[in-house]
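**Student:** Below is the structure, and that's it, no one-letter string:
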């Protein structure tokens with residue numbers, strides 16, 4: 001594999017003007033409308049219907065190919081395609097991280113603390129408010 005000479009500066013590696021003009025003529029120019037504005041054409045309904053009607057014969061031909069194929073490669077290919085429909089693939093390992101926050105027990109203890117604060121009477125809080133602060 002040939003290596004590019006790293007001593008040559010990138011400015012000197014540009015394509016020649018003729019090649020640049022040819023490439024520019026081939027590609028879509030800035031501001032030019034798309035050559036395919038509608039995107040990929042929709043599938044024809046008649047083709048879908050024709051394939052569905054031929055599906056049983058196609059399946060029979062694949063089964064015949066899987067059993068009586070001319071060579072091992074064609075047999076294995078047909079067998080693989082047929083078996084993929086009836087045998088599920090091995091499950092993939094998926095790692096899911098979740099952070100549910102505090103547990104329900106923590107929630108209940110916080111509710112209890114708030115309940116105790118709300119249930120405190122005025123007399124319980126008054127002495128703490130009347131003490132002079134020492135600064």
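**Tutor:** All right, it came through fine. Only a predicted model underlies this, so the values are computations on that prediction, with no experimental measurement involved. Numbering: from 1, shown residues only.

**Student:** Show me the shaky parts of the protein.
**Tutor:** Segments of the chain classed as low confidence (criterion: pLDDT under 70) are 1-14, 28-30, 115-135.

**Student:** could you pull out the helices for it?
**Tutor:** In the chain, the segments counted as helices under DSSP state H are 17-26, 45-68, 72-86, 104-119, 122-130.

**Student:** Which one of those helices lies nearest to residue 37?
**Tutor:** Distance to residue 37, taken as C-beta to C-beta, is lowest for helix 17-26 among these, at 19.0 Å. No exception for glycine: its C-beta is placed from N, CA and C like everyone else's.

**Student:** ok, back up a step: can I get the helices of the chain in JSON lines including mean neighbour count and distance to residue 37?
**Tutor:** Listed next are the helices of the chain as JSON lines, based on neighbours: other C-beta atoms under 10 Å; distance: least, C-beta to C-beta, whole Å:
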{"stretch": "helix 17-26", "mean neighbour count": "9", "distance to residue 37": "19"}
{"stretch": "helix 45-68", "mean neighbour count": "11", "distance to residue 37": "22"}
{"stretch": "helix 72-86", "mean neighbour count": "12", "distance to residue 37": "37"}
{"stretch": "helix 104-119", "mean neighbour count": "10", "distance to residue 37": "57"}
{"stretch": "helix 122-130", "mean neighbour count": "8", "distance to residue 37": "75"}
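
**Student:** Quick check: the residue most central in space within the chain vs residue 87, distance?
**Tutor:** Among the residues of the chain, the one closest to the centroid is residue 94, at 13.6 Å (C-alpha atoms, centre = their mean). Going from residue 94 to residue 87 by C-beta to C-beta, to the nearest Å gives 20 Å.
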